[in-house]
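Peer 1: pasting the sequence and the predicted coordinates here, then a few questions.
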Amino acid sequence: MTLDLRKVTAHIGAHVFGVDISKPLDGETVAALREALNVHKALVFDDVHLDDEGQQAFARHFGDLTTAHPTVPAVDGAPNVLPVDSEQGSANHWHTDVTFVLNPPQASTLRSLTLPPYGGETLIASSAAAYRQLPEPLRRLADGLWAEHTNDYDYAVPAEDIDEERAAQRARFTSITYRTAHPVVRVHPLTGERGLFIGGFAQRIVGLSVGESRTILDLLQSYVTRPENILRHRWSPNQLVLFDNRITQHYAVDNYDRRPRRLHRVTVAGDVPVGTDGRESRTVEGDAAHYTSVAA
C-alpha cells in the first residue's frame with residue numbers, strides 16, 4: 001500500500017495519514033510502516049483512539065513486546081505498559097530507552113493521555129544523521145569505540161532534587177544493577193545505516209578513564225543534539241508516536257510548571273546491537289531475561 005507521509009524535518013519525523021492503527025493491520029501495511037520508520041526514524045499518528053490493549057496490539061505488529069521496564073512498575077493490570085507520568089519525575093535527559101540491558105527495545109510507542117496546557121514536548125534526535133555529520137577522523141575514532149551503559153547513576157533523580165520520595169524512586173530504578181558494553185557506532189540490522197549509540201546511560205568508554213570518557217562522549221553527543229537533527233514534537237490529544245529506538249535518542253522537556261502530564265509507553269523487543277566490526281554487545285552485570293526476549 002502507499003501511505004500518506006508528510007515529513008516534519010529533513011532528517012527525522014513524518015506524520016502518517018491514511019491508516020487506522022486501531023484496527024488489525026495486514027502484512028502489506030505493516031511492511032509499509034516499517035519502511036517509513038526506517039526512513040523517517042519517528043512516525044506521528046494523529047486522532048488515534050486507543051486504550052492500553054489497542055496500543056499493545058499496534059506495537060505487536062513489529063515484534064514481541066517487552067514488559068514495561070526492568071525495574072519500574074507497570075500500569076496496574078497491564079504488565080507491558082509503562083506509565084510516563086509527571087508525578088514520577090521527568091526524563092529530561094537525552095537517552096535511548098533501556099540501553100543498559102543487552103538487547104534494548106527496537107522500537108518505542110508513546111501515547112498521549114493527559115497533557116499540560118503548554119510545554120511538555122518530546123524531542124527525538126536522529127543518531128544516524130549525527131554519525132553522517134561527523135568529520136572523517138571522528139568517524140574513524142567512533143567506529144572503534146565501545147561504551148559501558150548502566151542504570152546505576154543519577155539519570156532518574158538528579159542529586160539536587162533528592163528527597164524521600166525521589167530517593168525511593170531512585171532505589172527502585174537501581175534495584176537491579178545493569179551494566180552492558182555496546183559499540184559506540186551501531187549498525188542498523190535492517191538498513192545497514194550507522195548511528196551513534198550513546199545517550200545518557202553511556203557512562204564510560206571501555207579502556208578510558210571517567211574523565212576521558214566524558215570528554216569523548218560529550219563531543220559525540222553534541223552531534224546528536226544539533227537542532228537540525230531533532231524533531232520537537234508538541235503533543236496533542238489522542239496522538240501516538242512510534243520511533244526507532246535503535247537509531248534515535250529522545251528527551252522529555254520539563255517546561256510545563258509541574259502540570260499533569262501522562263503518556264503510556266509500550267516497547268518492542270530488540271536484537272543485540274552489532275558494531276562496525278561485526279561484534280555483538282556483551283553483558284557486564286545484570287540479567288534482563290524477565291524484561292525482554294531477544295529479537296531475531
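Peer 2: Arrived safely, thanks for sending.
Peer 1: what residue ranges in the stretch 101-250 of the chain score low on pLDDT?
Peer 2: 154-162 (pLDDT under 70).
Peer 1: export whichever strand or helix holds Y223 as PDB, just CAs?
Peer 2: Under the criterion of DSSP states H and E, Y223 resides in helix 210-224. C-alpha atoms of helix 210-224 as PDB (Å, rounded to 0.1, in the frame of the first residue of the first chain):
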ATOM      1  CA  VAL A 210      35.800   8.500  33.500                       C
ATOM      2  CA  GLY A 211      37.200  12.000  32.700                       C
ATOM      3  CA  GLU A 212      38.500  10.900  29.300                       C
ATOM      4  CA  SER A 213      35.200   9.100  28.600                       C
ATOM      5  CA  ARG A 214      33.100  12.100  29.400                       C
ATOM      6  CA  THR A 215      35.100  14.400  27.000                       C
ATOM      7  CA  ILE A 216      34.600  12.000  24.100                       C
ATOM      8  CA  LEU A 217      31.000  11.200  24.900                       C
ATOM      9  CA  ASP A 218      30.100  14.900  25.200                       C
ATOM     10  CA  LEU A 219      31.800  15.600  21.900                       C
ATOM     11  CA  LEU A 220      29.900  12.800  20.000                       C
ATOM     12  CA  GLN A 221      26.700  13.700  21.800                       C
ATOM     13  CA  SER A 222      26.900  17.300  20.600                       C
ATOM     14  CA  TYR A 223      26.400  16.000  17.000                       C
ATOM     15  CA  VAL A 224      23.300  14.000  18.100                       C
END
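Peer 1: report the buried residues of it.
Peer 2: 213, 216-217, 220-221, 223-224 (16 or more other Cβ atoms under 10 Å). Quick note: C-beta positions are derived from backbone N, CA and C, even for glycine.
Peer 1: closest one to N38 out of those residues, please.
Peer 2: Nearest to N38, judged by Cβ to Cβ, of those is V224 at 18.7 Å.
Peer 1: who touches the closest one in this structure?
Peer 2: 94, 125-127, 130, 196, 198-199, 249 (Cβ atoms under 8 Å, 6 or more residues apart in numbering).
Peer 1: among the residues you listed, which lie within strands?
Peer 2: If you go by DSSP state E, those have 125-126, 196, 249 in strands.
Peer 1: distance of P189 relative to D244?
Peer 2: 11 Å (Cβ to Cβ, to the nearest Å).
Peer 1: who has more neighbours, those two?
Peer 2: D244 (31 against 16; other Cβ atoms under 10 Å).
Peer 1: could you dump the ones in strands among the contacts of V224 to TSV with distance to A68 and neighbour count?
Peer 2: Output for the ones in strands among the contacts of V224, formatted as TSV (distance: Cβ to Cβ, whole Å; neighbours: other Cβ atoms under 10 Å):
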residue	distance to A68	neighbour count
A125	24	31
S126	26	31
L196	27	30
Q249	20	29
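Peer 1: any idea what E280 is bridged to?
Peer 2: Listed beta-bridge partners, E280: V274 (assigned using DSSP bridges).
Peer 1: now do it against G13, distance only.
Peer 2: To G13, E280 is 30 Å away according to Cβ to Cβ.
Peer 1: more neighbours: those two, which one.
Peer 2: Neighbour comparison, E280 and G13: the larger count goes to G13, with 22 against 14 (by other Cβ under 10 Å).
Peer 1: mind listing what the more buried one touches?
Peer 2: 7, 40-44, 124, 231, 233.
Peer 1: mind pulling up the pLDDT for it?
Peer 2: G13 is assigned a pLDDT of 98 by the prediction.
Peer 1: returning to that earlier point: can you redo the buried residues of helix 210-224 as CSV with distance to N80?
Peer 2: Compiled in CSV, the buried residues of helix 210-224 are given as follows (distance: Cβ to Cβ, whole Å):
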residue, distance to N80
S213, 34
I216, 36
L217, 31
L220, 32
Q221, 30
Y223, 33
V224, 28
